[in-house]
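Chemist: just a sequence and a predicted model for now, questions to come.
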Amino acid sequence: MANRSTTTLPDLSPEIIQSIQSILSSSTQFQDPLDDLSQNFNVPSSLNSLFPEESTLSPTSIEAVQNKLALSRKDTQENITRLRNELGNGVSTKKEDDVVEGGERENTNDVRMGAIQEIISDLLLQTSLIREKSSESSHVVHEITKDIQLLDVAKRNLVTSIGTLRKFGMMVNGVSQLEDQIAAVPRKYPDVAQSLAAVKNLASTFKSSMRVPRIALVLKRVQELQGEIRGILEAEFDAFFLQDPSKTIKRSTISDACGVVDVLGEDFRNHLIDRYCVVELKEYRRIFRATDEAGQLDNISRRFAYFRRLLSTYDTDFSPVFPPEWKVDCALSVKWGDITREDLSAALSKAAAALSVTLLLESLQQTTDFEIFLGRKFGSSYTEMLVEIAPVLGIRNPKPMSSAFEPHMGIFIDAQDKALSDILVPHRGAKSRTSLDEVQMSISSSESENPPIRVLSSSTELFYFYAQNMDQCSKLSTKELLADMFAVWGKWLRIYSEDVLMASMKRPERERKSFDGRLNVAEIKHACLLLNTADYCQETAQELEEKVREKIDEKFRDKITLQAERDLFVSVISASIVALLKELEAAIEPALVSMQRTSWITVENVSGESAYISDLVQGVQNVVNVIRDNVEQKKYLRNFYDKASSLIITKFTNALVKSRPLKEAGAEQMLLDLQGLRSCLLKVPGPLAVEGSTYSKLITKATSWLETLLKLVIAPVDPVEGFVQNYILLVGDSSFSNFQKVLDLKGTPRVVQNNLLDSFLTITSTQEQLESASFLSSLDMDPGSSAINTTVSASGRASLPNLLSGISSSGKADATSTFASLGLTGGMTSPPPTNVDGSGKGEVKKEPSRISDFRRFVSFAVRRDTTL
């Protein structure tokens with residue numbers, strides 16, 4: 001066939017011819033007897049060649065032959081596929097050549113295609129024959145190895161049966177040996193432990209064969225022997241625990257018996273440990289019954305002393321006997337603690353009516369100290385001991401001994417509440433103002449000798465008490481007790497802010513006089529003192545909250561917050577700033593009254609700043625100097641400066657409006673006075689003043705609007721068109737009412753006003769680019785007598801006007817200032833709580849923690865020379 005392919009297809013490519021020959025001549029290249037597919041194929045001889053010896057009939061060899069046949073079949077199929085692809089490519093190439101050459105070789109192509117199809121048919125026939133022979137070979141091999149596989153299964157079963165019988169024999173012998181060892185006197189518990197462990201191990205392999213009578217009988221006997229051993233061990237351990245003189249048990253015997261107990265299982269070991277604890281604590285329960293004197297709460301120290309001796313006895317007599325991993329001493333402590341907790345609960349309930357705080361705290365302190373002692377002795381906390389050992393002793397709801405005091409801690413809470421009440425009694429309500437007046441007198445008498453007082457001593461005493469109270473509570477309990485005590489602290493912080501700080505701001509009616517120009521330094525220092533105290537309280541309250549959150553149990557952590565109390569102290573800060581502004585208003589009022597009483601219409605010449613400006617500047621400087629020296633936090637100074645400047649400009653503007661008509665010379669004099677006022681306001685921040693800062697820009701902008709207004713007053717109304725154009729150029733709006741305000745300030749007669757207003761309407765109607773409003777829109781032509789409208793409600797909280805609104809809980813001021821009344825709708829905002837350096841960059845610096853440790857809550861109290 002190979003020769004015919006070569007001669008019939010002389011025009012095929014050498015690669016295709018070589019591939020065909022490699023397949024057709026495979027019988028000459030490989031010595032596989034299955035490749036001979038002629039009629040001479042002999043199955044037995046082929047199998048003999050594949051399996052020459054009996055050892056080759058193993059499942060592994062058979063599988064290898066099958067894999068070889070499958071691989072040969074796969075290679076043949078891949079060769080056929082490859083050949084088909086090459087033939088297809090060859091035919092495509094030849095077709096292209098035929099198109100180029102014309103129809104000259106069509107007959108030759110037909111002959112070639114016929115030969116190729118014949119070759120493919122031969123290949124398919126060979127493939128089919130190979131597949132059939134492979135199936136026949138696989139069937140023959142399976143029939144031949146069938147009996148061998150059965151023999152293999154029988155062999156495995158026989159080996160398993162022999163092994164099982166051998167183990168059963170070992171178990172029977174082990175049971176017999178164990179019986180002899182149990183009956184022996186004296187018993188050798190190490191041998192018993194070894195035999196019992198071996199028997200239990202062998203018995204575990206026969207649990208699935210319980211239906212076999214002989215096996216079931218032996219397993220039953222194993223269970224009986226374990227029961228006998230338990231009974232023997234329980235009797236000997238009881239004799240050892242009770243120290244029975246009639247039946248002396250050596251320690252070595254019990255120590256060896258512990259090995260047998262471990263083999264018997266954890267349940268029996270826990271039973272013996274519980275039995276030991278019951279026996280050891282029997283005398284303790286008899287002595288310290290709740291009905292006897294020794295069981296009373298005032299004898300709690302005797303309980304702890306007794307158990308210390310019991311632990312000492314265990315370490316001497318029993319510790320060498322029990323294995324360390326049994327933790328018998330730890331179990332004894334937990335059992336004793338559970339009994340003691342029940343006794344303490346009964347004693348506390350019995351003495352509830354006559355229970356004193358001192359006895360309660362002393363007993364609780366001793367209990368918690370002993371729990372700490374036990375935790376250190378066993379290398380873990382007492383709570384962890386309970387969790388680990390309670391299941392061993394069958395204690396379902398383990399609790400520490402100190403938990404017996406929790407239902408009765410209301411006595412302690414009430415006592416602390418009363419102590420806080422006693423601390424604040426001298427400072428609350430109507431006494432708060434008297435207390436502050438006494439403070440001011442002490443300040444005046446010793447100001448030259450001592451450093452300035454910054455905060456009220458009552459606040460430092462309050463937080464000093466809180467610090468001691470928190471340390472005490474955290475040692476006693478970090479759960480419900482600390483949470484309840486924290487609620488009491490919050491209650492008294494609220495009382496302190498309202499009944500002490502806020503109440504002290506209310507002055508008696510007899511002190512509320514009209515403005516007389518006298519500087520009330522004591523009242524300013526009073527307000528500064530309250531501001532500093534409120535700031536100290538709100539920041540220290542936050543640190544108190546953080547410390548308690550660190551100490552308290554996670555279950556109660558969500559309830560720990562003093563946000564509401566801190567907000568109250570922020571309200572006190574706001575009210576203090578209001579009080580300072582009222583004092584500032586009182587200081588500048590005489591100068592402004594003098595300004596209003598001046599007959600500006602008669603002023604003819606401008607000869608320098610008016611006398612009232614000097615008085616006004618002096619009043620501002622006096623108030624600011626006192627405040628600057630007495631306010632501790634600079635962030636509040638900046639807040640005050642912003643609001644003070646707004647107040648002064650508002651008051652000056654109102655006085656200007658009330659002084660109309662001004663005329664040209666009077667307006668020129670006021671313009672000069674305004675320059676002095678601006679210079680004063682720019683110097684108000686003192687060391688904080690920075691050229692180009694936001695504060696200075698806002699001052700310049702606000703005063704520039706007043707300058708614009710005064711320039712319009714100075715400008716002549718003739719010619720009319722020139723005056724209107726001047727207004728449009730300086731103000732830039734088309735508001736009829738704003739234009740009339742300027743005319744009213746100038747004192748323009750009504751007849752002239754009508755002409756000016758007509759011209760204004762005519763000119764502005766053609767200029768659509770003009771705004772409808774300007775800074776003059778907010779100018780009040782009928783201002784009130786005071787720029788501060790603030791009230792204090794019955795609860796003592798200040799209701800702040802827009803002038804002072806916006807101090808957040810962090811001390812920030814973020815509301816619109818009174819520049820809005822002058823048209824500054826954006827307002828002047830106070831800066832965030834920052835430390836402003838001289839660079840003017842307003843760099844935010846992290847304020848250092850006021851106290852790193854809660855024990856330093858009382859940093860002011862320690863420095864008693866700086867407090868009251």
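Modeler: Alright, I've got the coordinates. Worth saying up front: this structure is predicted, and the values here are computed from it rather than measured.
Chemist: starting at the chain centroid, how far to stretch 595-613?
Modeler: Counting by Cα atoms, centre = their mean, to the nearest Å, stretch 595-613 is centred 66 Å from the centre of its parent chain.
Chemist: likewise for stretch 717-734?
Modeler: That offset, for stretch 717-734, works out to 64 Å (Cα atoms, centre = their mean).
Chemist: identify each buried residue in stretch 613-629, please.
Modeler: 613, 615, 616, 617, 619, 620, 623, 624, 626, 627, 628 (16 or more other Cβ atoms under 10 Å). Yep, even glycine has a C-beta here, placed from its N, CA and C like the rest.
Chemist: now, those residues that are in helices?
Modeler: In helices, defined here by DSSP state H, the members of the buried residues of stretch 613-629 are 613, 615, 616, 617, 619, 620, 623, 624, 626, 627, 628.
Chemist: and for the fourth one, nearest residue in space, chain neighbours not counted?
Modeler: Translated: residue 617. residue 680 (4.4 Å; Cβ to Cβ, 6 or more residues apart in numbering).
Chemist: for that neighbour, grab the count of nearby residues.
Modeler: By the criterion of other Cβ atoms under 10 Å, residue 680 has 21 neighbours.
Chemist: dump the residue contacts of residue 288.
Modeler: By Cβ atoms under 8 Å, 6 or more residues apart in numbering, the contact set of residue 288 is 294, 295, 299, 302, 303, 306, 343.
Chemist: cutoff 7 Å now
Modeler: 294, 295, 303, 343 (Cβ atoms under 7 Å, 6 or more residues apart in numbering).
Chemist: from residue 314, how far out is it?
Modeler: 18 Å (Cβ to Cβ, to the nearest Å).
Chemist: residue 526 now?
Modeler: 68 Å.
Chemist: ok so, going back, how about the contacts of residue 288 in CSV, adding secondary structure and distance to residue 693?
Modeler: What follows is those, written out as CSV (DSSP: H, G, I helix; E, B strand; the rest coil; distance: Cβ to Cβ, whole Å):
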residue, secondary structure, distance to residue 693
294, helix, 78
295, helix, 76
303, helix, 71
343, helix, 72
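Chemist: are any of the residues you listed buried, and which?
Modeler: Of the contacts of residue 288, these count as buried by 16+ other Cβ under 10 Å: 295, 303, 343.
Chemist: got phi/psi on the nearest residue to the first one once chain neighbours are set aside?
Modeler: In this case it means residue 295. In space, and not counting its chain neighbours, residue 295 is closest to residue 288: 4.5 Å by Cβ to Cβ, 6+ apart. Backbone torsions of residue 288, given as degrees, to the nearest 10, read phi -100, psi 40.
Chemist: ok, residue 288 to residue 300 distance?
Modeler: Taking Cβ to Cβ, one finds residue 288 at 9 Å from residue 300.
Chemist: now the common contact residues for the two.
Modeler: Common neighbours of residue 288 and residue 300, counting by Cβ under 7 Å, 6+ apart, are absent.
Chemist: can you count the residues close to residue 285?
Modeler: Based on other Cβ under 10 Å, the number of other residues close to residue 285 is 15.
Chemist: the host helix or strand of it - contacts with which helices or strands?
Modeler: Assigned by DSSP states H and E, residue 285 falls within helix 266-287. Counting contacts by 3 or more Cβ pairs under 7 Å, 6 or more residues apart in numbering; DSSP states H and E, helix 266-287 packs against helix 213-242, helix 251-264, helix 328-350, helix 382-393.
Chemist: give the next helix or strand downstream of the third one.
Modeler: Using DSSP H and E, the next helix or strand after helix 328-350 towards the C-terminus is helix 357-378.
Chemist: got the angle for that next one vs helix 328-350?
Modeler: 170 degrees (axes from the mean of the first three to the mean of the last three Cα atoms, to 10 degrees).
Chemist: what packs against helix 357-378?
Modeler: With contacts taken as 3+ Cβ pairs under 7 Å, 6+ apart, helix 357-378 sits against helix 300-313, helix 382-393, helix 410-424, helix 457-476.
Chemist: ok and the shortest one relative to helix 328-350, angle-wise?
Modeler: Regarding helix 382-393 and helix 328-350, their directions subtend 100 degrees when assessed with the same axes, to 10 degrees.
Chemist: for helix 382-393, which positions count as buried?
Modeler: 382, 385, 386, 388, 389, 390, 392, 393.
Chemist: and which of the residues you listed is nearest to residue 456?
Modeler: residue 382 (42.9 Å; Cβ to Cβ).
Chemist: any idea how far residue 368 is from that closest one?
Modeler: Taken as Cβ to Cβ, the span from residue 382 to residue 368 is 9 Å.
Chemist: swap in residue 606?
Modeler: For residue 606, the distance to residue 368 - Cβ to Cβ - is 83 Å.
Chemist: what's around residue 754, how many residues?
Modeler: 11.
Chemist: wait, I meant residue 349
Modeler: The burial count for residue 349: 13, using other Cβ under 10 Å.
Chemist: dump the buried residues of stretch 613-629 to JSON lines, plus distance to residue 190 and pLDDT.
Modeler: Shown next, in JSON lines, are the buried residues of stretch 613-629 (distance: Cβ to Cβ, whole Å; pLDDT from 0 to 100):
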{"residue": "613", "distance to residue 190": "111", "pLDDT": "92"}
{"residue": "615", "distance to residue 190": "110", "pLDDT": "92"}
{"residue": "616", "distance to residue 190": "107", "pLDDT": "92"}
{"residue": "617", "distance to residue 190": "105", "pLDDT": "92"}
{"residue": "619", "distance to residue 190": "103", "pLDDT": "92"}
{"residue": "620", "distance to residue 190": "101", "pLDDT": "92"}
{"residue": "623", "distance to residue 190": "97", "pLDDT": "93"}
{"residue": "624", "distance to residue 190": "95", "pLDDT": "92"}
{"residue": "626", "distance to residue 190": "93", "pLDDT": "92"}
{"residue": "627", "distance to residue 190": "91", "pLDDT": "92"}
{"residue": "628", "distance to residue 190": "90", "pLDDT": "90"}
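Chemist: will you turn those into a markdown table that also has distance to residue 150?
Modeler: Converted to a markdown table, the buried residues of stretch 613-629 look like this (distance: Cβ to Cβ, whole Å):
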| residue | distance to residue 150 |
| --- | --- |
| 613 | 127 |
| 615 | 128 |
| 616 | 124 |
| 617 | 123 |
| 619 | 122 |
| 620 | 118 |
| 623 | 116 |
| 624 | 114 |
| 626 | 115 |
| 627 | 111 |
| 628 | 111 |
